[in-house]
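1. What follows is a predicted protein model with its sequence.
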Amino acid sequence: MAGRRRRQESPARRTRPAGGAAGPRPSARTVETADRLHSVAIRLLRRLRAEDRASELSGPRLSALSVVVFAGPVSLSALAEAEQVRLPTISRLARSLERLGLVERVADPGDRRVQRLRSTARGKALLQEGRRRRVESLARELAALPPGDLGAVERAATALARLFGGPRTPPD
């Protein structure tokens with residue numbers, strides 16, 4: 001394959017664990033646990049997404065902004081890959097975020113022809129405020145658990161963070 005350039009991985013992509021890794025076949029119990037966790041995770045995210053209404057941004061805009069805040073500055077193609085959409089779709093999203101003053105275009109220091117998206121202070125603040133609302137909502141729900149159950153959730157959160165990567169906060 002001489003002459004072919006290897007495709008570079010996007011910054012957002014590098015933060016995710018490799019899926020489908022070869023290894024021992026999971027037991028029936030592990031598959032059942034994974035199935036329950038999958039269902040609970042979806043319901044949890046749906047419930048917490050209700051807190052995002054206060055931002056007045058659509059889900060796709062919030063998601064794209066999150067990638068820019070956590071992995072940025074990012075190219076449009078890297079953002080499209082991270083969001084699993086086509087370039088024209090991410091271009092429209094980027095323009096709307098730019099018009100709202102949440103991101104700005106900057107030249108790539110290594111290649112002035114390449115434009116990257118960088119979050120503005122307003123974009124970071126909006127995302128941090130949304131996170132604060134979601135965390136407070138979840139904390140209220142967790143506070144209703146008996147101490148033993150809360151301890152089990154704490155241990156599970158620690159184990160899942162080890163498995164999938166620890167919590168990240170937006171850079172200052």
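-> Arrived safely, thanks for sending.
2. Can you tell me how far Leu57 is from Leu93?
-> Between Leu57 and Leu93 the computed distance is 10 Å (Cβ to Cβ, to the nearest Å). The way it works is simple: take the backbone N, C-alpha and C, and place the C-beta from them, glycine included.
3. where do the helices sit along the protein?
-> 11-14, 28-49, 59-71, 76-83, 87-99, 121-143, 147-164 (DSSP state H).
4. Can you give me the buried ones in the longest strand anywhere in the chain?
-> Ranked by residue count and defined by DSSP state E, the top strand of the chain is strand 111-119. Across strand 111-119, burial judged by 16 or more other Cβ atoms under 10 Å covers Arg116, Leu117, Ser119.
5. What does the closest residue to Ala34 other than its chain neighbours show for phi and psi?
-> Here the nearest residue to Ala34 in space, its sequence neighbours aside, is Pro26; by Cβ to Cβ, 6 or more residues apart in numbering that works out to 7.2 Å. With angles defined as degrees, to the nearest 10, Pro26 sits at phi -70, psi 150.
6. mind checking how far Pro26 is from Ala41?
-> Counting by Cβ to Cβ, the gap from Pro26 to Ala41 is 17 Å.
7. which residues touch Leu145?
-> Val153 (Cβ atoms under 8 Å, 6 or more residues apart in numbering).
8. Angles on the backbone of it, please.
-> Dihedral angles for Leu145 - degrees, to the nearest 10 - are phi -80, psi 150.
9. do the same with Gly72
-> Gly72 has phi and psi values of phi -70, psi 170 when expressed as degrees, to the nearest 10.
10. where's it relative to Ala78, distance?
-> 9 Å.
11. Also Leu87?
-> 11 Å.
12. Looking at these two, which is more packed in?
-> Comparing Leu87 with Ala78 by neighbour count (other Cβ atoms under 10 Å), the higher total belongs to Ala78, at 23 against 12.
13. State the distance from Val31 to His38.
-> From Val31 to His38 the distance is 10 Å (Cβ to Cβ).
14. How about Asp108?
-> Taking Cβ to Cβ, one finds Asp108 at 38 Å from His38.
15. Pass me the low-pLDDT residue ranges in the chain, would you?
-> Per-residue confidence for the chain (pLDDT under 70) gives these ranges: 1-22, 166-172.
16. The same query, at a cut-off of 50, please.
-> 1-18, 169-171 (pLDDT under 50).
17. what residues are up against the nearest residue to Arg86 once chain neighbours are set aside?
-> Excluding the flanking residues, the one nearest Arg86 by Cβ to Cβ, 6+ apart is Ala80, at 6.4 Å. Contacts for Ala80 (Cβ under 8 Å, 6+ apart) come out as Arg86, Leu87, Thr89, Ile90.
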